[in-house]
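Novice: Sequence and predicted structure are below.
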Amino acid sequence: MKLTYRGVEYDHNPPMLEVSESDILCNYRGRTHRYTYVGHVPFPQSQTGLTYRGAAYKTDRYGQRQSVSAAESNSVFSAFQRKLAQLTPLMDERRQMLRHSARSHSDSIQRSLERRIAIAREQGNSNLLQQLEDEMRQMA
């Protein structure tokens, strides 16, 4: 089919799909119709190397599973090890940051409890003082 876009002519050949009629009948606005469906629509799959529970495999462009040789499996594993080695310093830095924030949070809670205990002592509120001291023991 010849088409023109902004003065440029080109040929357009749409893909031909195999369309089949089903046995299912339907009514729409009083008219009977048959459902149609496409027989096969190919979806190109990406060719990737994958691992499931330690077993390496890959898929072809049709989505079919193919086994991986031991050499290819080792290369996938070594690539994973290299990636993990790159991430290890970042993970250590994140762990240190989380430890520091947890310590700061605990210190803040402890300061708050100490201030509340001092206020409860000044007011002579023995019930509140007992609860706050129990909470302080749970923190330790």
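Specialist: Nice, I can see it.
Novice: In stretch 9-26, which residues are buried?
Specialist: For stretch 9-26, the buried set under the neighbour-count rule, 16 or more other C-beta atoms under 10 Å, is empty. Glycine gets a C-beta too; all of them are placed from N, C-alpha and C.
Novice: tell me the mean pLDDT over stretch 38-47?
Specialist: Mean pLDDT, stretch 38-47: 66.
Novice: Ramachandran coordinates for the residue lying farthest from the centre of the chain?
Specialist: Ranked by distance from the centre of the chain (C-alpha atoms, centre = their mean), the top residue is G124, with 54.4 Å. When read as degrees, to the nearest 10, the backbone of G124 gives phi 80, psi 20.
Novice: What of the one 3 residues further on?
Specialist: The phi and psi values for N127, taken as degrees, to the nearest 10, are phi -60, psi -50.
Novice: By residue count, which strand of this structure is the longest?
Specialist: strand 19-28 (DSSP state E).
Novice: partners of it in the sheet?
Specialist: strand 31-38 (antiparallel) (DSSP bridges).
Novice: What's the first helix or strand after the partner strand?
Specialist: Scanning forward in sequence from strand 31-38 by DSSP states H and E, the next helix or strand is strand 49-52.
Novice: Quick one: distance of that following strand to the chain centre.
Specialist: 16 Å (C-alpha atoms, centre = their mean, to the nearest Å).
Novice: hey, C-alpha coordinates of stretch 130-137 in CSV?
Specialist: Presented in CSV, the C-alpha positions along stretch 130-137 are these (Å, rounded to 0.1, in the frame of the first residue of the first chain):
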residue,chain,number,x,y,z
GLN,A,130,6.9,3.6,88.5
GLN,A,131,5.8,3.3,84.9
LEU,A,132,8.6,5.4,83.5
GLU,A,133,11.2,3.5,85.5
ASP,A,134,9.8,0.2,84.2
GLU,A,135,10.1,1.6,80.7
MET,A,136,13.7,2.7,81.4
ARG,A,137,14.5,-0.9,82.5
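Novice: Thank you, goodbye.
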